[in-house]
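1. Based on what follows, work out the 3D shape:
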Amino acid sequence: MQSNEIRSRFLKFFEERGHKIVPSSSLLPENDPSVLFTTAGMQQFKPYYTAPQNAQKDFDSKNTTSSQKCVRTSDIDEVGDKTHLSFFEMLGNFSFGGYGKKEAITFAYDFITKELGLTISYVTYYEGAGFIPADEKSKKIWEEIGVKDVRKDGSDVFWGPTGDSGPCGPTTEIYCKNASGEDVEIWNIVFNEYFCDGSREKFDKGEANLTKLETFGVDTGMGFERLLMTENKKDSIYETDLFEQVMSLIKEKAKNYNEKSARVVADHLRSALFMVSDNSIPGNKGSGYITRRLIRRAVVKASGLGLSDDVFGGILDKFVEKYKDIYPKVNNDIVRQEIKKEISKFKESLEQGIKEFNKDTDPFILATTYGFPIELTEELANEKGLKINREDFDKKMVEHQKLSKTASVGMFKGGLLNDNEKTIKLHTAHHLLLAGLQATINQNIKQKGSNINEERLRIDFLCDHKLTDEEKKKIEDWVNDKIKAKLNVVHKEMSLVDAQKIGAQMEFGAKYKDNVSVYFIEDDKGNQISKEFCAGPHVKNTSELASVFDPDGNPKGNFKIIKEEAVASGVRRIKAVLL
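-> The predicted structure is shown next:
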């Protein structure tokens, strides 16, 4: 059975059982700024586990199903083995109070054994820990269905949360045999019974609080490529029709063929194709850094294989042909051009960089002069049995970044802040936007979260209705008027008590120290239109936000709202730019 048929049969199977088919969300998560990429099918549905009534309103159903694009790089060293990938699709079915454990397990059993005709080797269930009991109910359901091998397991079968907080709960995993007779986990069914106020790392350390969710949720994830490998009785993911043509091309063109290196090239270029198509453009920070790292890692591996430059285009073309009908955004010449541009940029310095590496050149020089990410240098060193002094490298990079003024200087309000000029301007525009919302829509509007990069700003705020076009125009006009007014941006340090007394705006739900930093936007007479808790940095005057001026040198307003949408019940989101 080919990939397109299996994907289609999965979605149809759940649609026939009362699930709404929902398209994959972007690889850059819209409602979870604490992570760089979408790593699981449930991320776009995360808000519905705490507000299940909105699922019925948004999807006309309490149950959904999807094939979600995902990126995970935590296991990047394992990419190239039989089962690990950096980009993959995750098939899933989700329920927000629509059904429970018995239905979820029965659906999975029926799809695997009846729809696909596969045999389940064994399943797992959670053994329990602390106040969380063992999942004996799942064990009993599996046994009643007829699965004989039901195994108790520990923390690996308690899933979540994604990001810095969210729903989580015990899971039950399903294993089937691949062509070599090895047991491979293909499906994980999560029972979201709890909300974790903290990250998974904190949860594992016992530093996060769990509270019982009011509504029982189901969140399942099945690695599409692993399922395809198992159903096709293949020994490796790279032997499926998703990779078959690309792997043949690499093998044909390689002068020094190595199976694992060939797989890494195929995986990383496929990942880059999807990442760039979702606007994760190669760069030096955030998601763009991961995209750049994967492309450059692919180039290094391709060099070792002896592949000529023209092979890269052929690989990308074959992946586009495979996916264009399912994910049309990959079929865009601009996407391929961005990847080829990054490859070309790195190829110029690659050969000399490898020569320098072989001369035991300082990793700091390799990074700053030859564009070698430290991770690549560490990989090359590991292959030679060498050890890189990472502490020394990090120290030098910090000093370099201070001097060049291009580095990250901290985190603010959920977004990565660097001293890039565009980001600083958008930071100030963000303050104006919050003040504008309060001035034109409702003075009681509170900020719930934000994210800013050099392309756009984003604010989440408490609001009870969708903004009309007229309201959005009022906000834009208000902000643009303040840009034209050439208002001063003033920074003051003060006690938390004093800042609260003067009514400085703070992020809803955030915690602050006893002494805080506050930014004011005011006219020459000291009349304030914005005062907000913030670590900065900002422009000195709102006129700096303008990119166009009239003949007399006066700034023209250039603030524009590009999107307004719901994030959760009572929470709206605005994305805006400076044109």
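
2. Isn't residue 451 up against residue 458?
-> Yes: taking contacts as C-beta atoms under 8 Å, residue 451 lies within contact range of residue 458: 4.6 Å. All C-beta spots, glycine's among them, are computed from the backbone N, C-alpha and C.

3. Helices along the stretch 1-150 of the chain, start to end?
-> Here the stretch 1-150 of the chain has its helices, by DSSP state H, counting those that start in this stretch, at 3-15, 53-59, 101-110, 136-145.

4. Tell me which of those approaches residue 90 most closely.
-> Taking C-beta to C-beta, helix 3-15 is the member of the helices of the stretch 1-150 of the chain nearest to residue 90, at 10.9 Å.

5. Quick one: list the elements packing against that closest one.
-> Counting by 3 or more C-beta pairs under 8 Å, 6 or more residues apart in numbering; DSSP states H and E, the packing neighbours recorded for helix 3-15 are strand 20-21, strand 63-71, strand 87-96, helix 224-231.

6. can you give me the offset of that helix from its chain's centre?
-> What separates the centre of helix 3-15 from the centre of its chain is 25 Å, taken as C-alpha atoms, centre = their mean, to the nearest Å.

7. And the contacts of it?
-> Residues outside helix 3-15 that contact it (C-beta atoms under 8 Å, 6 or more residues apart in numbering): 21, 63, 65-67, 89, 91, 93, 107, 111, 115-116, 222, 224, 227-228, 231, 240-242, 322, 325-326.

8. I'd like the mean pLDDT over that helix, please.
-> Averaging pLDDT along helix 3-15 yields 97.

9. Just the CA atoms of that helix, as CSV, please.
-> The C-alpha trace of helix 3-15 is given here as CSV (Å, rounded to 0.1, in the frame of the first residue of the first chain):
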residue,chain,number,x,y,z
SER,A,3,1.9,6.4,1.3
ASN,A,4,-1.0,8.4,-0.1
GLU,A,5,-3.5,5.5,0.3
ILE,A,6,-2.5,4.9,3.9
ARG,A,7,-2.8,8.5,4.9
SER,A,8,-6.1,8.8,3.1
ARG,A,9,-7.5,5.6,4.7
PHE,A,10,-6.5,6.8,8.2
LEU,A,11,-8.3,10.1,7.9
LYS,A,12,-11.4,8.5,6.3
PHE,A,13,-11.5,5.8,9.0
PHE,A,14,-11.9,8.4,11.7
GLU,A,15,-14.1,10.7,9.7
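
10. Residue 523 and residue 489 touch, don't they?
-> No: the criterion here is C-beta under 8 Å, and residue 523 misses it with residue 489 at 11.5 Å.

11. Compare neighbour counts for the two and give me the winner.
-> Comparing residue 523 with residue 489 by other C-beta atoms under 10 Å, the one with more neighbours is residue 489, at 21 against 13.

12. Relative to residue 537, how far out is that one?
-> Going from residue 489 to residue 537 by C-beta to C-beta, to the nearest Å gives 10 Å.

13. C-alpha coordinates for the helix or strand harbouring residue 461, CSV please?
-> Residue 461 belongs to strand 457-462 when assigned by DSSP states H and E. Once non-C-alpha atoms are left out, strand 457-462 reads as follows in CSV (Å, rounded to 0.1, in the frame of the first residue of the first chain):
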residue,chain,number,x,y,z
LEU,A,457,5.0,41.4,16.2
ARG,A,458,2.3,39.3,17.8
ILE,A,459,0.2,40.0,20.9
ASP,A,460,-2.3,37.8,22.7
PHE,A,461,-4.9,39.8,24.7
LEU,A,462,-8.0,39.3,26.7
